[in-house]
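>>> Structure here, sequence nowhere to be found:
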């Protein structure tokens, strides 16, 4: 173990020098040492500042202007009250590669607190394993701000990611890229060149939770996930706005991803507001939230629920669903593509439903839409229920029908002819 306090560590040929003589250096090969450095500076080395140490603890120190990575470790790193800046590689990195055929977890971990990671030529943090970021600023790195998804087995065995009271800003790639469970609390993910937050838990069932945070001004989607097996995004008391792409989306999900929005604002994104697409049972829900002013459709899922929410001023349809939708105590207004639209997928086993209660659907549609308020097209022989009660549908614009169109008309390989009023189809309108 090497421990150094209040030292200046420099070396012209790489590694670590713990001497005023740059030719006398401590260079650590793979997994060779544990290092504790406090109140020190590691700068100007031709290679990495700290290279291939097993465990590193950096306290009240500076690692900057090295020609390789700032900190390169293999097992665990703890960084406190420190600055990692302007290195010609990743700021903090662990070289852990796990083959997809090695069925074991990645062992690396990083805990960083009260620190600054900025201006590095790679990612600010590129670490596989468990990563905890607290009260830290990660900015102006040329690649991702925080990358917790790299390495050959990362999408199978990446650790968990936790970011609290931190700012991830103006990085050249994604703000945050993860591949497993991730939690972001009281943080700002802003003005990154690519997406704000991405998750590629392609073959797992993970969760991404965004609480009391801001995801805004990013160059691609605000929050996005790619998964096959039901990945979930939870957004609570947060703002996702002004991103160049969708506000929040889950795609590629074979068995239905989910997005839950609670007491949040999803607004002014250039793409869609909230979308869970690509799989049966994909669901979206909004409670006490605002989904407004997005450039494309507002809200989309196989199943969609809006409770006490406003879906308004979006560039496409306000709410789109394929199986079941419930709209309660909500307002859908001024959506250019129409208020509510459903076109069922064929295999809707067990029937489908639309329930609108104590809500207002107004001023939706345009002269480019056939129906402005609600267009509910049922193409399944398994039954459908539409129920509208204590609600107002008014002022909507459509070239064919302004207010409400419910159509059940199916001719399929079974020879079924279904229409409104046939067995299994119920329409109740009370406005």
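Yes, it's here. Quick caveat: nothing in here was measured; it's all calculated off a predicted structure.
>>> Is residue 132 bridged to anything, and to what?
residue 111, residue 162 (DSSP bridges).
>>> what's the pLDDT at it?
Here, the pLDDT recorded for residue 132 equals 97.
>>> Around it, count how many other residues there are.
Residues lying near residue 132 (other Cβ atoms under 10 Å) number 18. From N, CA and C alone the C-beta is placed, and that goes for glycine too.
>>> Okay, now the sheet partners of the one helix or strand residue 300 maps to, with direction.
For residue 300, the host element (DSSP states H and E) is strand 299-307. Each strand that pairs with strand 299-307, with its direction, by DSSP bridges: strand 274-276 (parallel), strand 283-287 (parallel), strand 319-328 (parallel).
>>> Next, format those strands as TSV and append mean neighbour count, distance to residue 237 and mean pLDDT.
Formatted as TSV, those follow (neighbours: other Cβ atoms under 10 Å; distance: least, Cβ to Cβ, whole Å; pLDDT from 0 to 100):
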stretch	mean neighbour count	distance to residue 237	mean pLDDT
strand 274-276	30	16	94
strand 283-287	25	11	96
strand 319-328	24	21	93
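>>> can you put these in a markdown table and add distance to residue 128?
Compiled in a markdown table, the strands paired with strand 299-307 are given as follows (distance: least, Cβ to Cβ, whole Å):
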| stretch | distance to residue 128 |
| --- | --- |
| strand 274-276 | 27 |
| strand 283-287 | 30 |
| strand 319-328 | 37 |
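>>> can you tell which of the ones you listed is closest to residue 301?
Between residue 301 and the strands paired with strand 299-307, the tightest spacing by Cβ to Cβ is seen for strand 283-287, at 3.6 Å.
>>> And the helices in this protein, which stretches?
Residue ranges of the helices in the chain, as given by DSSP state H, are 154-157.
>>> Return the helix or strand in it with minimum mean pLDDT.
Taking mean pLDDT, DSSP states H and E as the measure, strand 417-418 is the helix or strand of the chain with the lowest mean score, a mean of 30.
>>> ok so, going back, of all the strands paired with strand 299-307, which one is nearest residue 174?
Taking Cβ to Cβ as the criterion, residue 174 comes closest to strand 274-276 out of the strands paired with strand 299-307, the separation being 18.5 Å.
>>> which residues touch that closest one?
Residues external to strand 274-276 that are found in contact with it (Cβ atoms under 8 Å, 6 or more residues apart in numbering): 246-251, 253, 256-259, 261, 266, 282-284, 286, 291, 297-302.
>>> and what of stretch 357-365?
Counting contacts by Cβ under 8 Å, 6+ apart, the residues outside stretch 357-365 that touch it are 318, 326-340, 371-374, 387-398, 402.
>>> what's the answer for stretch 327-336, then?
Where contact means Cβ under 8 Å, 6+ apart, the residues beyond stretch 327-336 that reach it are 297-298, 305-319, 339-340, 355-366.
>>> repeat that for 6 Å
When contacts are defined by Cβ atoms under 6 Å, 6 or more residues apart in numbering, stretch 327-336 is touched by residues 306-315, 318, 339, 356-364, 366.
>>> Any quick PyMOL command for the buried ones out of the residues you listed?
Remark: buried members of the contacts of stretch 327-336, expressed as a PyMOL selection using 16 or more other Cβ atoms under 10 Å:
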select buried, resi 306+307+309+310+311+312+313+314+315+318+339+356+357+359+360+361+362+363+364
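>>> Next step: the contacts of stretch 327-336 restricted to strands.
Counting by DSSP state E, the contacts of stretch 327-336 place 306, 307, 310, 311, 312, 356, 357, 360, 361, 362 in strands.
>>> With pLDDT as added columns, please give those residues in JSON lines.
Conversion of the ones in strands among the contacts of stretch 327-336 to JSON lines gives the following (pLDDT from 0 to 100):
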{"residue": "306", "pLDDT": "98"}
{"residue": "307", "pLDDT": "98"}
{"residue": "310", "pLDDT": "98"}
{"residue": "311", "pLDDT": "98"}
{"residue": "312", "pLDDT": "98"}
{"residue": "356", "pLDDT": "94"}
{"residue": "357", "pLDDT": "94"}
{"residue": "360", "pLDDT": "95"}
{"residue": "361", "pLDDT": "95"}
{"residue": "362", "pLDDT": "94"}
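>>> In terms of distance to residue 48, which of those ranks first?
Within the ones in strands among the contacts of stretch 327-336, proximity to residue 48 (Cβ to Cβ) peaks at residue 311, which comes in at 50.2 Å.
>>> Could you double-check that the closest one lies in contact with residue 298?
Yes - with contact taken as Cβ atoms under 6 Å, residue 311 and residue 298 are classed as touching, separated by 4.5 Å.
>>> Of all the strands paired with strand 299-307, which one is nearest residue 51?
Distance to residue 51, taken as Cβ to Cβ, is lowest for strand 274-276 among these, at 43.7 Å.
>>> tell me how far the closest one is from the chain's mean position?
Centroid separation between strand 274-276 and its chain, computed with Cα atoms, centre = their mean, to the nearest Å, is 11 Å.
>>> now stretch 333-347
Distance of stretch 333-347 from its chain centroid, counting by Cα atoms, centre = their mean, is 25 Å.
>>> In it, which residues are buried?
Counting neighbours by 16+ other Cβ under 10 Å, one finds that the buried residues in stretch 333-347 are 333, 334, 335, 336, 337, 338, 339, 340, 341, 342, 344.
>>> for stretch 364-377, same thing?
In terms of neighbour count (16+ other Cβ under 10 Å), stretch 364-377 has its buried residues at 364, 365, 369, 371, 372, 373, 374, 375, 376, 377.
>>> what's the first-to-last distance across stretch 116-134?
Distance between the two ends of stretch 116-134: 11 Å, counting by Cα to Cα, to the nearest Å.
>>> pLDDT on stretch 219-236, on average?
Taken as a whole, stretch 219-236 has a mean pLDDT of 87.
>>> again with stretch 247-265
Per-residue confidence for stretch 247-265 averages out to 87 on the pLDDT scale.
>>> ok, and what's touching that stretch?
Surrounding stretch 247-265, the residues in contact under the criterion Cβ under 6 Å, 6+ apart are 222-240, 266, 269, 273-290.
>>> and those residues, which are buried?
Buried residues within the contacts of stretch 247-265, defined by neighbour count using 16+ other Cβ under 10 Å: 222-240, 266, 269, 273-279, 281-287, 289-290.
>>> just checking, which of those residues belong to strands?
Counting by DSSP E, the members of the buried ones among the contacts of stretch 247-265 that fall within strands are 223-226, 232-236, 239-240, 266, 274-276, 283-287, 290.
>>> Please measure how far the first residue of stretch 117-136 sits from its last one.
With Cα to Cα, one end of stretch 117-136 sits 8 Å from the other.
>>> cool, and stretch 180-200?
Distance between the boundary residues of stretch 180-200 (Cα to Cα) amounts to 7 Å.
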